[in-house]
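*Asks:* give me a model of this one.
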Amino acid sequence: MALPASPARLAPVLWLLLFAFLLRVAGQMLVAFWGVDWLPPMDAWMSGLLPYPYLLVSQFLINGLFAKIAADFTRGKGWFVEPRPIFGRGVLYFGRIYFAAMVVRYVVRMSLFPEERWLGGTIPIFFHFVLAAFLILFGLWHKQNLKENPV
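*Replies:* Residues are numbered from 1 along each chain as shown. Purely as a prediction, here's the structure:
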């Protein structure tokens, strides 16, 4: 998969993925703090592995980090745009493993809860795919540009 050589050309995709994740966080906050009933209930937003206060803090940290990455790509300069061989490869491997783990999670969930096929309980899984896609694109961009600009 060839990505644009210019980081600024990849930036809109990174911002779009970040925006999707921001919508997830906002939707979950609307349910948790304001009890809106036009969105799915709180248990549909969470897997239950992490208490919501800790999950919310981690989501803010992820949003902040991903916004910094997207901003660096928009400007075409910054720490996250400079080719870094080990870092870029590590992010790519992590993103691929993360994505694969979510595929397995989806298959297991659909096997355990056949009455919820195809979309039941998938809000957390879908947004983990969004985060994994961000990481994979970021890692692929580094991998592609490392070949052209080895450090």
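*Asks:* switch to C-alpha atoms for all contacts and neighbour counts from now on
*Replies:* Fine.
*Asks:* so how far is residue 38 from the most centrally placed residue in the chain?
*Replies:* Compute the mean C-alpha point of the chain, and by CA atoms, centre = their mean the closest residue is residue 131, 0.9 Å away. With distances defined as CA to CA, to the nearest Å, the gap from residue 131 to residue 38 amounts to 25 Å.
*Asks:* look at the residue nearest to the centre of the chain and give its secondary structure.
*Replies:* Under DSSP: H, G, I helix; E, B strand; the rest coil, the three-state class of residue 131 is helix.
*Asks:* contacts only, for it.
*Replies:* Remark: with contacts taken as CA atoms under 8 Å, 6 or more residues apart in numbering, residue 131 is in contact with 17-18, 21.
*Asks:* give me the buried subset of the residues you listed.
*Replies:* Applying 16 or more other CA atoms under 10 Å to these, the neighbour count classes 17-18, 21 as buried.
*Asks:* now residue 19: which helix or strand?
*Replies:* Counting by DSSP states H and E, the element that carries residue 19 is helix 7-34.
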